[in-house]
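Here is my input, please return the structure:
(3 chains)
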Amino acid sequence: MKRITTRPAPPAPIGESVPRRDGPAKVTGSATYTVDVGLPGMAHAQVLRSPYPHAQIRSIDTRAARLHPGVIAVVTADDLPDVNLIYGHAVADHPLIATGKVRFVGEPVVGIVAEDRVTAAEAVQLVTVDYEPLPFVTSVDVALTGDAPVIHDAPGEQRSHRGFEEDIERAHPNVCSHARQAWGDIDAAFEGAHLVLEGEYRYPMCYAYAMEPYTAVATWNEGALTVWSSAQHPYMVRADLAQCFGLPLGAVRVQVPYVGGGYGSKSYTKIEPLTAALALRAGRPVRLALTVEEAILTTRGDAATVRLRSAFDAHGHLLGREGTILLDTGAYAENSPLVGRKAANRLGGPYRIPALRVDCSTVYTNTAPASSFRGFGAPQVTLAGESQMDEAAERLGLDPLEIRRRNVLDPGERPWPKARGIDADLKADLELAAEALGWSEPLQAGHGRAICLSASDAGSEPITTALLRVHADGSVTVMAGSTEIGQGSSTVLPQIAAGEMGVPLDRVHLLQSDTGSVSYDRSTGASRTTTLMGLAIQAAARDARAQLVAWADEAIATDGEEVVEEPGGVRVGRRSYDWGAIVRAWFSADAGEVIGRGYLRRSGATAEMPPFWEIGCVGVEVRVDEETGEIDVVRLVTVGDVGAAINPQLVESQDIGAAMMGLGMATREELIYDNGSLLNGNLFDYRVPRTTDLPELRTVVVERGDGVGVYGAKGGGEGSLNPVAAAIANATYRAAGIRLREAPFTPERVWQALRERDAGR
Amino acid sequence: MHEAVEVRLTVNDETRALRIEPRETLADVLRDRLSLTGTKVSCDAQVCGACTVLVDGLAVSSCTFLAADADGRSVRTVEGLASGGRLSPVQQAFIDYAAFQCGFCTPGMLMAATAILEEHPRPTREQVVRGLEGNLCRCTGYDPIIVAVLAAAVSDGSDGEAGS
Amino acid sequence: MIPRFSLARPGSLEEAFADFDRSGGDAAYLAGGTELLQVMKMGLGQFGTLIDLKGIAELRGIARLVSGVLRIGATTTHREIERSAIVAGHTPGLASVEARIANVRVRNTGTLGGNLAFAEPHSDPATFLLACSASVVLAGPAGRRELGIADFVLGPLFTAREPNEIVVEVLVPAAAPDEGRAYDRIAFFERPAASIAVRLKVADGSISTATVAVGSLTETPIVVAEAGALLGGAPIHGVGFDMAVSAAAVALGGVDAVADLNGSADFKRHLAGVLLRRATGAAMLEAIGNA
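As a prediction, this is how the structure comes out:
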């Protein structure tokens, strides 16, 4: 890793690659995940799922299943009259179990609870469901035609995310949401252009494949609900559970142990309401653990069709971009309305564009529901935007790096009115990528290079809280609602607390991701945790220290003595006292604690949106095997422009992981529907990257202190995924003269493009 | 109806006599009967390697390996890698090189790496890459894992530190 | 999860047949389980009894018979074949086929007999052994019979084996002194997209005879006689060799390939042609080296 640091040094251990806190647990197998949670008397659930993409449920016969020895409960929608079945934080359109009809193959229809899983699975076989198949649609293009089957008879209630902007009408009943981003005079931009490029780009339906499938354990006690779940956002899940079961938030406790991968696919509510409903009817704690095949049918990433026009002047300056994006959200809205909003925002990329108009619709189809997935619209739109930058460079006789230099926003420059100015030095990032990739070095025959950029309005909402407690022995407990999904929050957040309190890292402990005992955090996603929870912890530390200084003044200093704060404590006169000594003095005992509180919301430094920009800057060198159509990525460069790396090794790990995830979607990954069913909803026929796909890596971590977070931190973890498909497309063009616009760039697609190229010669 | 079978399993050097259903996989027995929950089940289809354990030193997919087929054989899981309170060289190397993130693939990855190092104490990078080709990881992008395994190979464990 | 079943562990073929008979036919034979248990987990096969063959000594072992034939017991694992010195000396191509099956865990547990009996259309060993004119020996209560691969593998997941018959061993004929046997495959997912096995003999600076088997394109591996015929008589290098290989690749155009996630029928035939050149080259090197 190359590390470039121009920001002032923060207090240790902030900025150090300390070993991960969760290391010993994870390498010895003692780390607990939701599937490892067992409760006395716990029963096991299995789900009967719809075999039809669209059908009315005429009747369900559960008699034989109920009689099967070992079965405790058999639950359909009819068995839950006391439950609000519909949830959905953006658009409330999703029943926790099918009600009246099914909208995709795999939709849960019946839940069965039994003493063990195999008994529950046997009972599933004994249920008979009488369906009346309905016409179905699995492509967005067909879903928007006049006589397409209507998937939701009535639009779901608009909740936290307003799905329709301004006066835009729903164009078709199968449109789930619409977002528009626009500024400037777009018609003038295209009229005055020296060069107009136009193209259609496709990005596939993907499966995040978090190796831990969705799992939940639910138990009811005296009207209060406790759920363990593999969820990224326990507080969001709590809200949905409270709404479904008519409970106050305080009566619902969601605890998240270690999460075996999220990548956005575990954002928001998944199987928790169903599991809680099964536990309610069973009168026993219930664990529902999905298989990977079931997980694929629970959440996938949005597929996208992007039609983009870019206008340039004669010197390669962007004059305008106009685009339409169609996202396939599957049978339910889930978080796609927000993905659509972000896709529209991100189509401009990191560039200065005088005029822009983007319309993004999310469209229902009878396929598995799509929701958040790493990148969140940026991978989809960056393929289009960055492809056209390279196309323009070629047409105008410019180096692809040069056209980007001419167009990237300067630090502080706003991409659109009212947006936070770019908090990154994109030109400098480009140079770092070029150097690491060897941009000016001679290139082997059959090889091609590309560097692509993205800028995402990331961070979600700056709504979070944290508590920081100093105990009588001077040790610290931090309480943060963030989850540990592998990104390293369980290490980074204690590092921040230790630095802010001037206390050794091994004297700081973290309690996290438990809505019952830890205060509110909106979410763990949108690359926000280090930046925003970091700020909350910094605020909590400041609050604790202020109280401790006041306590020292009250309980230790004599009249006239001054209390001066120093790292790890105070000085009173000529004597130093650490935080523990102050606590003991104040309570006059070897007891007590101080509680520091940190609140974060849209105000002060975090008033402007987005809280920060997440930069993607990726370079690739590829070689195209013209015999087999395989694209071999031989070198991969990532630039992690994160402002301040609290733990540089973890930043680098995130960048490598993100880029490899992008490589898989660019070259091989695609969920395919045929006749209403998913053809390849399993790992035999859906291939994610392996060790043998790893290119030579060059990673750069750059810290300019330009972010809003502690010591200038910004978020990372998605940036290095976003430009990968575009980079591979552009590099492949340079290597083999074929322009690929439909990801994944499978061997077949590459081979067909090569044949067309050769036929044209 | 389906008769139970008696098996003797030696798991991490401890021999246990168990009465199990024939359908129980080695993963089922390890996790649910022996409370050794370090072994994880992910794809349940022998593709991902998360459930890798060693049977007589050979890596197997415990999700699809009948516990009955381990009767009389020696099974090693992630819980058996450390000895005398000391992590094995490859466990230590995973910590030193941050060769994990979410950790769900890690137990299987460690067992696969252990088998590779037992056969090739000084593997080449290519041998490690090929040897781990059947173990998926979604978080790390693999590079830190490969580096960690190579570092563990250089370390002979007696000094307790992974070489570089 | 694997559904419930009873487990029988016979010590001989006779006991195994008796177990099968006692089950009333609601039974399956179990070797490594990598295919059978997976099928059961997926709900695609349910059997009241599994009869574990791994305790039957007669089904184990690798030996070079006096006749020069390589004999591989049905319950021999892919790993054992990959590492066998006997196999390396007899048909090294088979060792490298076995080394590329699936992943290391499947190779450690899965067996050759199990693989052939399952008859997955993409089977690597079936494709290679077809080109080698190998055969399978089946035993049943009524006696034994030997079938060539083409007569054994009849369709996708479908063989000539009667439900109560057991694959005992695989027999691979000895290679002639001037013979080479090679295999190549390309995979984009778990199973190969295309594979080719070439068996040829070299004499007086040219290929005298050749057999080409194509795998993963059709529902079973098949021999493409025309491709083998076009390789016959080709010089072992130079323009003549290139032309013969190209012609043989064109002959693969007649294969009725199944379009799937790997690609269109055209693309798969194209891949097979690419592999044909590589495998022919490798087989020739082996033949020249042996001669």
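
Low-confidence stretches in chain A?
Applying pLDDT under 70 to chain A picks out residues A:161-167.

Which residue would be the closest one in it to chain C?
Closest residue of chain A to chain C, C-beta to the nearest C-beta: A:E748 (3.5 Å). No exception for glycine: its C-beta is placed from N, CA and C like everyone else's.

ok, now chain B?
B:G134 (2.9 Å).

count of neighbours near that residue?
Counted by other C-beta atoms under 10 Å in any protein chain shown, the residues lying close to B:G134 total 23.

Give me the secondary structure label for it.
Following DSSP: H, G, I helix; E, B strand; the rest coil, we place B:G134 in the coil state.

doesn't B:M109 make contact with it?
No - counting by C-beta atoms under 8 Å, B:M109 is not a contact partner of B:G134; they are 10.5 Å apart.

excluding its backbone neighbours, what's nearest residue 109?
Just so you know, I chose chain A. Nearest residue to A:V109, sequence neighbours excluded (C-beta to C-beta, 6 or more residues apart in numbering or on different chains): A:A98, at 4.6 Å.

ah, no, chain C please
C:G32 (4.5 Å).

top helix in the chain by residue count?
Defaulting to chain A. The residue-count maximum for a helix in chain A (DSSP state H) belongs to helix A:534-555.

I was thinking of chain C, sorry if that wasn't clear
helix C:265-290.

I'd like to know how many residues surround the residue nearest to A:V109.
A:A98 has 23 neighbours, counted by other C-beta under 10 Å.

and if you look at A:Q232?
27.

That one is in what secondary structure piece?
Per DSSP states H and E: A:Q232 is located in neither a helix nor a strand.

burial measure for whichever residue of chain B sits closest to chain A, as a count.
Of all residues in chain B, the one sitting closest to chain A is B:G38 (1.8 Å; C-beta to the nearest C-beta). If you count neighbours by other C-beta under 10 Å, B:G38 ends up with 26.

Same question for C:A197.
31.

Quick check: it vs chain A, distance?
Going from C:A197 to chain A by C-beta to the nearest C-beta, to the nearest Å gives 18 Å.

Doesn't that residue belong to a helix?
No - counting by three-state DSSP, C:A197 is located in no helix; its state is strand.

Which phi and psi values does residue 145 adopt?
This is for chain A. With angles defined as degrees, to the nearest 10, A:T145 shows backbone torsions of phi -80, psi 160.

that's the wrong chain, I wanted chain B
Main-chain torsions, B:I145, degrees, to the nearest 10: phi -70, psi -50.

and the residue nearest to it when sequence neighbours are not counted, what pLDDT?
Sequence neighbours aside, B:A99 is the residue nearest to B:I145 in space, at 4.5 Å (criterion: C-beta to C-beta, 6+ apart). Model confidence at B:A99, given as pLDDT, is 98.

can you pull the contacts of A:Y351?
A:318, A:407-409, A:415 (C-beta atoms under 8 Å, 6 or more residues apart in numbering or on different chains).

Where does the prediction get shaky in chain B?
Chain B contains residues with pLDDT under 70 at B:1-2, B:156-164.

what residues does it put near chain C?
For chain B, the residues in contact with chain C (C-beta under 8 Å from any C-beta of the partner chain) are B:1-3, B:5, B:21-23, B:25, B:44-47, B:49, B:52, B:58-61, B:64-66, B:68-69, B:112, B:115, B:131, B:133-134.

Please flag which of these sit within strands.
B:5, B:52, B:58-61 (DSSP state E).

which of those residues tops the neighbour count?
Of all these, the highest neighbour tally under other C-beta under 10 Å goes to B:S61, namely 33 neighbours.

what pairs with that residue across the strands?
Counting by DSSP bridges, B:S61 is bridged to B:T52.

on contacts alone, who are the packing partners of the longest helix of chain C?
helix A:747-760, helix C:92-99, strand C:179-186, strand C:194-203, strand C:206-215, helix C:238-251 (3 or more C-beta pairs under 8 Å, 6 or more residues apart in numbering or on different chains; DSSP states H and E).

Which positions in it come out as buried?
C:265, C:267-284, C:286-287 (16 or more other C-beta atoms under 10 Å in any protein chain shown).

From what I see, A:Y733 and A:D390 are in contact.
Yes - if you go by C-beta under 8 Å, A:Y733 and A:D390 touch, sitting 6.8 Å apart.

of the two, who's got more company?
Legend: neighbour count by other C-beta under 10 Å for A:Y733 and A:D390, higher for A:D390 (24 against 21).
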